[in-house]
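Student: please find the sequence and the predicted model below.
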Amino acid sequence: MKKTIFFIFISMSSLVFSQEKEQSSKKTFFGVQAGFLGTNVYNETNFSKEFALRTEFNLETALFSKDDLFSEKSGFVMFPTISLSPKWYYNIDKREKQGKNTAYNSANYITAKVSFVPDWFLISNAETKDMRVYPMISVVPTWGIRRNFGKNFNYEFQVGIGAGKFLDNDNGFSSIQVVTNLGFRIGYDF
C-alpha cells in the first residue's frame, strides 16, 4: 500500500512540475480533443499573447429515447458542426509571471463561440432514415479553462449559454432556441 501511495505521489508531482515549466511560444497550432459527448479537430492562431482565434470541426453527440431511457429505441446520433471562437486568455500574463505553464495557451479564457450545424450526415446506432439534423447557427458566450500536462496533452472545460437560430423553419420548433455549451475534453496538441 505504501508503494502504491508513493508511486501516485511521484506521478502527480511530475505532472505539477511539467505544468510549471513551459511558456507559450507557438504562433499557431492544431490538435484533437475527445470528450463524453463529442470529438473535435481544431486550429488555434495567436494574434498576441492574450488573443487567439480557434477554428474547429466537431462531431457532436446527442442521446435520444423514443419511449424511455432504457428501451430498445434509445440511442445516440453524431453530427458535424463547424465553429469559430475568438478567445481572450485573460490570465495568461499572470500565469506566466508566476512561472506556470502557458504553452499552447494554457490559461483561462472568455470567448463568443459561433457555430454552424449543417445537415451533411448522421452517424447513429439506430436507423437514420427518419432522422434529420436541422441546420442552425448559434452564438454562445463561453468561459473556459485550458491546461496542459505532459508535453503535448491538454484538458479543457467550457461552460456557456447563448442563442441559436434554425435556418430551416419547417421543423415545428421556434426558430430561436437557447443553446448551451458544457464540455470537458482531453486532447493532444501538435
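Tutor: On my side now, so go ahead. Numbering: from 1, shown residues only.

Student: which residues touch residue 123?
Tutor: When contacts are counted by Cβ atoms under 8 Å, 6 or more residues apart in numbering, residue 123 is found next to 59, 77-79. Heads up, the C-betas are built off the backbone N, CA and C, glycines and all.

Student: who wins for neighbours among these?
Tutor: Note: the member of the contacts of residue 123 with the most neighbours is residue 79, at 21 neighbours, neighbours being other Cβ atoms under 10 Å.

Student: element containing that one, please.
Tutor: Take DSSP states H and E as the rule and residue 79 turns out to sit in strand 74-88.

Student: quick one: strands adjacent to that strand?
Tutor: strand 51-65 (antiparallel), strand 108-117 (antiparallel), strand 123-124 (antiparallel) (DSSP bridges).

Student: after it, which helix or strand is next?
Tutor: In the C-terminal direction, the helix or strand that comes right after strand 74-88 (DSSP H and E) is helix 92-97.

Student: hmm, back to that, of the strands paired with strand 74-88, flag the one that's most buried.
Tutor: Sort the strands paired with strand 74-88 by mean neighbour count, taking mean count of other Cβ atoms under 10 Å, and strand 108-117 sits at the top with a mean of 19.

Student: what lies in contact with that one?
Tutor: Judged by Cβ under 8 Å, 6+ apart, the contacts made with strand 108-117 from elsewhere in the structure are 54, 58, 60, 79-91, 133-146, 160, 162, 164, 179, 181.

Student: strands along this structure, start to end?
Tutor: Listed in chain order, the strands of the chain (DSSP state E) span residues 28-35, 38-46, 51-65, 74-88, 108-117, 123-124, 136-149, 153-166, 176-189.

Student: check the offset of the fourth one from the chain's centre.
Tutor: Read it as strand 74-88. Centroid separation for strand 74-88 versus its chain: 8 Å, with Cα atoms, centre = their mean, to the nearest Å.

Student: can I get the CA coordinates of that strand in PDB?
Tutor: What follows is strand 74-88, C-alpha atoms only, in PDB (Å, rounded to 0.1, in the frame of the first residue of the first chain):
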ATOM      1  CA  SER A  74     -32.800   4.500 -27.100                       C
ATOM      2  CA  GLY A  75     -29.500   5.500 -28.800                       C
ATOM      3  CA  PHE A  76     -27.100   8.200 -29.900                       C
ATOM      4  CA  VAL A  77     -26.600  10.300 -33.000                       C
ATOM      5  CA  MET A  78     -23.400  12.100 -34.100                       C
ATOM      6  CA  PHE A  79     -23.500  15.100 -36.400                       C
ATOM      7  CA  PRO A  80     -20.900  17.600 -37.700                       C
ATOM      8  CA  THR A  81     -20.600  21.200 -36.500                       C
ATOM      9  CA  ILE A  82     -18.100  24.000 -37.600                       C
ATOM     10  CA  SER A  83     -17.100  26.600 -35.000                       C
ATOM     11  CA  LEU A  84     -15.200  29.800 -34.900                       C
ATOM     12  CA  SER A  85     -14.100  31.200 -31.500                       C
ATOM     13  CA  PRO A  86     -12.200  34.400 -30.900                       C
ATOM     14  CA  LYS A  87     -10.600  33.800 -27.500                       C
ATOM     15  CA  TRP A  88      -9.300  36.200 -24.800                       C
END
